[in-house]
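S.K.: just a sequence and a predicted model for now, questions to come.
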Amino acid sequence: MARSFLLYADGGSRGNPGEAAFGAVVSEGGKVIIELSERIGVATNNVAEYSGLIAGLRAINRLDPEAKVLVRMDSKLIVEQMSGNWKIKNPEMRKMAIQARDAHSPELISYEWIPRELNTDADSLMNLALDT
């Protein structure tokens, strides 16, 4: 039986573009099993958001390539683009969306937009990476 994971991902930059980082939290059965964060240099908020998503999906794929994943993000843009509801016009964003699709089987992933207040763990990891 395939495993099921919950991925909270966030990214941000101080300035847009500016110094950027991402945070991602992977849980299974209510228990956090992976926390990721990384400073990625100068980038836009959207690049940082996609970077968190990609890192989280790659980590899940290493654990179980057949796992189902629910992704929760406070980036309406990323959620709608990855759900196929919005076109991806920016070439850099298109490349990152392809990386996200290649990170884990898209048919095993569902996306859900959440308000920023519900993404505090991934946001805290992102800010920690920016502050260190």
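M.R.: Done, it's in. Model, not experiment: these values are computed from the prediction. Numbers count the residues shown, from 1 in each chain.
S.K.: state the distance from Ile40 to Glu117.
M.R.: From Ile40 over to Glu117 the distance is 24 Å, taken as CB to CB, to the nearest Å. From N, CA and C alone the C-beta is placed, and that goes for glycine too.
S.K.: and the most centrally placed residue in the chain, how far from Leu77?
M.R.: Most central in the chain under CA atoms, centre = their mean is Leu53, positioned 1.9 Å from the mean C-alpha point. According to CB to CB, Leu53 and Leu77 sit 11 Å apart.
S.K.: the spatially closest residue to Ser105 that is not a sequence neighbour - how many residues pack around it?
M.R.: With sequence-adjacent residues excluded and distances taken as CB to CB, 6 or more residues apart in numbering, Ser105 is closest to Pro65, at 7.2 Å. Close neighbours of Pro65, defined as other CB atoms under 10 Å, add up to 11.
S.K.: now do the phi/psi pair for Pro65.
M.R.: Backbone torsions of Pro65, given as degrees, to the nearest 10, read phi -70, psi -10.
S.K.: OK, contacts around Ile98?
M.R.: Going by CB atoms under 8 Å, 6 or more residues apart in numbering, Ile98 touches no other residue.
S.K.: host element of it?
M.R.: Element membership for Ile98 (DSSP states H and E) is helix 91-103.
S.K.: name the next helix or strand downstream of that helix, please.
M.R.: Using DSSP H and E, the first helix or strand after helix 91-103 is strand 109-113.
S.K.: let's test this: mean pLDDT of that following strand, rounded?
M.R.: Mean pLDDT, computed over strand 109-113, is 98.
S.K.: for it, which strands pair with it and how are they oriented?
M.R.: strand 68-73 (parallel) (DSSP bridges).
S.K.: which residues touch Arg14?
M.R.: Contacts for Arg14 (CB under 8 Å, 6+ apart) come out as Ala20, Leu130.
S.K.: low-confidence ranges, this protein, go.
M.R.: For the chain, no stretch has pLDDT under 70.
S.K.: remind me what the longest helix along it packs against, helices and strands.
M.R.: The helix that spans the most residues within the chain, counting by DSSP state H, is helix 45-63. The helices and strands touching helix 45-63, judged by 3 or more CB pairs under 8 Å, 6 or more residues apart in numbering; DSSP states H and E, are strand 4-15, strand 18-28, strand 31-43, strand 68-73, helix 76-82, helix 91-103, helix 120-131.
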